[in-house]
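my questions concern the predicted model and sequence given below.
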Amino acid sequence: MSLPPSTLPHRLPLCQLPAGSVGRVCELKGDPQFCQRVREMGFGESACVTKVSGTGTILCSVNGNRIALSHGAAQNILVDEIVRR
Amino acid sequence: MALPSHISSSAANPSSARTPVYALVGNPNCGKSTLFNALTGLKQKVGNYPGVTVEKKVGTAYSQHGQPITVIDLPGAYSLAARSPDEAVTRDVLLGRRADTAQPDRILCIIDATNLERNLYLVHQILDLGRPVLLVVNMMDLAAAAGTTVDVARLEQELGIPVIACEAVNGRGLIELKLAMSRADLPLARHAWAIPAAIAPAVTELQASLIAHDRKAPLVARAEALLLLTDQDSVRVAGSTPLHARTGEILRTWQQRWEGEGTDWAGTLVNSRYDAIGRIAAEVLLQTGETGPTASDQIDAVVTHPVWGWLVLGAVMTLLFLSIFTLAEYPMNVIDAQIAHLADGVKSAMPPGDLRDLLTSGAIAGVGGVIIFLPQILILFFFIGLLESTGYMARAAFIMDRLMARVGLNGKSFIPLLSSYACAIPGIMATRTIEDQKDRLVTILVAPLMSCSARLPVYLLMMAALVPGDRVPLLTKVGIMILMYALGTVGAFGFAWLFKRTLLKGAPPLMIMELPPYRLPRVKDVALHMLERGWLFLRRAGTIILGISIVLWFLSAYPKAPDGTTDQQQLAQSFAGRAGHLLEPAIRPLGFDWQIGIGLITSFAAREVFVSTMAVVFNAEAKDDDTTPLRQAMLAAQWPDGRALFTPLVCFTLMIFYVFAMQCISTIAVVRRETNGWKWPLFQTAYMTGTAWILSFIVYQGGTALGF
C-alpha cells in the first residue's frame, strides 16, 4: 500500500525498514571508503531498495541484485520509505 | 579527444608477430572463468559465488583460423577503485602496474545481462583507459527468464564498441566472439562522458602532472587521475611506484578546496557515472515479461530465515557425513581387498629379504593405508562442489554473519573458512576477497583450524579403532564426526575472537556482499572438480606419501639390530624409533607413546601421512607372511607393561590433537607467501600446535581421572 500523498516520506535507516517495503536511498553515512563501494554497487542516492528479510544481517534487493549487508552497514544507509507493505 | 599515437597504432596494427593479449574482466560471479574455460579449453575452477578466482590465470585461445590469442582471466571486480587484494590484481594488470604482466593490448569485458547497470559501471571505468574493448553480454538466457532482454545492437551503437551476446555456459555466441577477437582492428569507444564540471579542472591538472612527472601514457593518466579522486589508496599498493610529489600536492590542494566548499568529490564522480549508465540502460533494456518474486527469492525466504536457515545448514552437514559413512563403505572394502591382494602377490613372488619388506611394509602398506580413503575424499569434494555450484555458499556466509560479527569478523570471512573444510590452501587464497588487512590476517590464522580433507583419513582410522565393528550405531559415528568438525569450527571462532581483541584489534568490518541467484548444479563441473581433487589426492599418495613411506621404512629397519631380536626391539632401536623415543617425554602426558610419536613427526609434512606411518610402523611388527588390516595391528599394540596402547580415550585424544595441530607444510608455505614473511606462519604453527597439546592433555588426563 502506498502512503497517502499528504504525508512526507518517513526517513529511517535501512535496518529498520520493514521486510517487503521499498525505500529510496537518500543519505549514506560513515566511512568514505564504504560509501564509495555502496555507491559503486548501485546503492547510491536515489536508488530504490526492496528489503527482503532480516533484522540483524539484512538482505535487500537493488535493481534485481540481492545484496547482503551487515547490521552496521545497514545502519549507515538512510532511506525514505516509499512503499510500505 | 585525439588519440595518442601508441594506442591507435596498437589497435590498428595487429599484423605484428606477437599474439594479441586479451584481459578478461568483469564483476564477480558474472561468468568470466566459465567463458575463459570455454575459450581456452582449460579447466579453471568455476563456482556460483563471488570470489572463486583470486589470481590472474593465463591461457591460449585459438581464433576460427587457428591463430593463437592469449587470454588473461582476472579476478572479478566491482570497480577499478579496488578494495580488496583480489580486485587490486585486476586493477594493476589493467593499468600495466604489474612487473610480471605487460599491459594487455585489448580488454574483453564481460557483463551479466540480468544485472546490466551495475555491470556497466566497471565497463564505464574501463572505457576510460582508451584500450580497444570487446563487450560480451553473458547470461542472456537468465535475463530472458527474468523477463528482460538487452538490445545488443543498440548497446553497440551507444558505446561504439563491438558487443556480443553470449551464453558462456553452453557455448552459445562463442564463434561470433572468437571472430570478433581475431579482428585486425577494433574500434575505440565513442566514450562521451562529461566529467562533472566541479571536478573536471582537477582531473585535467592531475592528468597533466601524471604525464609530465609520473611518466604515464595520456589515457592511462586520465584513468589514474579519476582513480586518485575515488580511491586514495590506489597508488600505495605493492607493485606500484609512489606518486610524484608534485602530483600528490595537486591532489591535496584540490581536496582541501573541495572540503572547504563541502563538495563530495568521490560521490559526485560515482553518481555522474551512474547517471550516464542510467541513460544507456534506459535505451537498451527491454521489458519482455512480468517480473515478480523469482524462485531465488522464494528459496531465500527459507534458507536465509533466522530459524529455518540454521536447520537447513544442519541438515546439509548431517547429510554430508551420513553419505561419507554409508556410500563409501563398499568401494573402501574393494580397495582394501585389492591392496591386500597386491601385497600377498608380492610376498609370494619374491624371496624374503629387505627389498620385499621395503615393497610390502613400506610402499604398499604406506600408500595403501591412505588410498583406501579415496572414496570419502571424493564424496566430500562432491558435496562441497554442489554447495559452490548452486549458490548456497554465499547463503551460508549470510547466516553466519551474525555469529561472525560477535567474534569481530563478518560473513565474508566465512567463505574462506567454508572452503577450508576441503583444504586450507584454497581457503587461505580466498581470503584475498576480504577488504580489511587485519581481518584478512585473522581469517588466514584461523582457517587451518577448519577440519580439512586430509584430516578425514586420520579421523576415520581413529574412529575405526575407537568404535570397532558394527556394534555402534551409524548415527554415533556421524555424531563423533560432526563433533570433530564442530570443535575445529568453534576453535576457529574462538581464536578469531581472541586475535581481534588482542593482536589485531579493529572494529567489526561492515559487510556488503552480493548473493548470486540459485542455479541448478552443473554436475559436469562438480564431477570434474571432484575428480581433479581425487587425482591430486592420489598423486600425493604416489609421490609424497610413497616417498615418506619408503624413507620411513629405511629409518625403521636400520640400523639393523643383532639377529634374534624381536621386531619390536628392532623398531625401537632404529633411527625412527630413536626419534620417537626422543619425543616421547613430551607426548606421554597425552597418552601417546614413541610409536605414535613417529607418526606425529612424519605427519608434519601432511596430516594423512599419519595413517601411512602407522601402517608402516605396525606392519614392521607384524608376522612376515600375513597382511593384517591396520586397525587390528593397532588394536594389538601395547605399552611395555602390557596395557593396550590405542584405548578409546587415546584414539579420541589423538583426534582432538589433529583437530588443532598445524600439521601441513604446504599450508605454512602458502601463509608465508600470502603474509610476505615468516612471522605469521611461525606464530600460527606455534599457537595451533600449542593449543593441540594443551587440549589433548586436558582430555587425556581428565578422561583418565574419570576412569575411561
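Structure's in. What do you need?

mind checking how far the residue nearest to residue A:22 when sequence neighbours are not counted is from residue A:48?
Using CB to CB, 6 or more residues apart in numbering or on different chains and skipping residues adjacent in sequence, the residue nearest residue A:22 is residue A:83, 4.0 Å away. Where C-beta positions appear, they are placed from N, C-alpha and C, glycine not excepted. When distance is defined by CB to CB, to the nearest Å, residue A:83 is 9 Å away from residue A:48.

and for those two, which residues touch both?
residue A:22 (CB atoms under 8 Å, 6 or more residues apart in numbering or on different chains).

does the lengthiest helix in chain A come close to chain B?
If each helix of chain A is counted by residues according to DSSP state H, the longest one is helix A:32-38. Yes - looking at helix A:32-38 against chain B by CB under 8 Å from any CB of the partner chain, the contacts come from A:32-38.

what about those, which one has the most neighbours?
The most crowded member of the residues of helix A:32-38 next to chain B, judged by other CB atoms under 10 Å in any protein chain shown, is residue A:38 (25 neighbours).

relative to residue A:61, how far out is that one?
In terms of CB to CB, residue A:38 sits 15 Å off from residue A:61.

same question for residue B:93.
32 Å.

before we move on, what about residue B:78?
For residue B:78 relative to residue A:61 (CB to CB), the value is 17 Å.

contacts only, for the residue nearest the centre of chain A.
Centroid-nearest residue in chain A, with CA atoms, centre = their mean: residue A:14, separated by 4.1 Å. Contact analysis of residue A:14 by CB under 8 Å, 6+ apart lists A:23, A:25, A:49, A:51, A:58, A:60, A:69, A:74-75, A:77-79.

one more pass at 10 Å, please.
A:23, A:25, A:43, A:49, A:51, A:58, A:60, A:69, A:71, A:73-79 (CB atoms under 10 Å, 6 or more residues apart in numbering or on different chains).

quick one, helices of the stretch 201-350 of chain B?
Assigned by DSSP state H, counting those that start in this stretch, the helices in the stretch 201-350 of chain B fall at B:218-230, B:245-261, B:265-284, B:295-303, B:308-326, B:329-349.

looking at those, which is closest to residue B:662?
helix B:308-326 (24.0 Å; CB to CB).

quick one: that closest one to chain centroid distance?
Put simply, helix B:308-326 sits 22 Å off its chain's centre (CA atoms, centre = their mean, to the nearest Å).

what is it packed up against?
helix B:295-303, helix B:374-390, helix B:392-406, helix B:455-466, helix B:474-501 (3 or more CB pairs under 10 Å, 6 or more residues apart in numbering or on different chains; DSSP states H and E).

switch the cut-off to 7 Å
helix B:295-303, helix B:374-390, helix B:392-406, helix B:474-501 (3 or more CB pairs under 7 Å, 6 or more residues apart in numbering or on different chains; DSSP states H and E).

how about those, which one is nearest residue B:104?
Nearest to residue B:104, of these and by CB to CB, is helix B:374-390 at 28.3 Å.

for residue 30, list the residues it contacts.
Just so you know, I chose chain A. Shown in contact with residue A:30 (CB atoms under 7 Å, 6 or more residues apart in numbering or on different chains): residue A:76.

look at chain B instead
Going by CB under 7 Å, 6+ apart, residue B:30 touches B:76, B:110-112, B:119, B:138.

what about 10 Å?
Contacts of residue B:30 (CB under 10 Å, 6+ apart): B:50, B:76, B:109-115, B:118-119, B:122, B:136, B:138-139, B:168, B:516.

quick one: it from residue B:139, how far?
Counting by CB to CB, the gap from residue B:30 to residue B:139 is 7 Å.

between the contacts of residue A:14, which sits nearest chain B?
Proximity to chain B was ranked across the contacts of residue A:14 by CB to the nearest CB; first place goes to residue A:73, at 3.8 Å.

let's have the helices and strands packed on helix B:308-326 in CSV, adding mean neighbour count, mean pLDDT and distance to residue B:337.
CSV is the format used below for the helices and strands packed on helix B:308-326 (neighbours: other CB atoms under 10 Å in any protein chain shown; pLDDT from 0 to 100; distance: least, CB to CB, whole Å):
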stretch, mean neighbour count, mean pLDDT, distance to residue B:337
helix B:295-303, 16, 82, 42
helix B:374-390, 22, 86, 14
helix B:392-406, 22, 86, 37
helix B:474-501, 18, 89, 22
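
figure out which of those is closest to residue B:321.
Closest approach to residue B:321 among the helices and strands packed on helix B:308-326 is made by helix B:474-501 (4.8 Å; CB to CB).

which SSE is immediately downstream of that closest one?
The first helix or strand that comes after helix B:474-501 along the chain, using DSSP states H and E, is strand B:512-515.

what are the ranges of the strands in chain A?
A:10-13, A:22-28, A:48-53, A:58-62, A:65-69, A:77-83 (DSSP state E).

pLDDT below threshold where in chain A?
A:1-8, A:85 (pLDDT under 70).

hang on, the earlier thing: any idea which of the helices of the stretch 201-350 of chain B gets closest to residue B:104?
Across the helices of the stretch 201-350 of chain B, residue B:104 has its closest neighbour in helix B:218-230 (12.3 Å, CB to CB).

show me what that closest one is packed against.
For helix B:218-230, the elements it packs on are helix A:32-38, helix B:5-12, helix B:85-94, helix B:116-127, helix B:200-212, helix B:245-261, helix B:265-284, judged by 3+ CB pairs under 10 Å, 6+ apart.

where among these is average confidence lowest?
Out of those, helix B:5-12 stands lowest, with a mean of 40 (criterion: mean pLDDT).

any part of whichever helix or strand comes after it near chain A?
Per DSSP H and E, helix B:5-12 leads on to strand B:21-26 as the next helix or strand towards the C-terminus. No - using CB under 10 Å from any CB of the partner chain, strand B:21-26 never reaches chain A; the gap is at least 14.1 Å.

elements contacting the strand or helix carrying residue B:176?
Per DSSP H and E: residue B:176 is located in helix B:174-181. Applying 3+ CB pairs under 10 Å, 6+ apart, we find helix B:174-181 packed against helix B:32-40, strand B:57-62, strand B:68-73, strand B:106-112, strand B:133-138, strand B:163-165.

apply 8 Å and report the result again.
Helix B:174-181 is packed against helix B:32-40, strand B:57-62, strand B:133-138, strand B:163-165, with contacts defined by 3 or more CB pairs under 8 Å, 6 or more residues apart in numbering or on different chains; DSSP states H and E.
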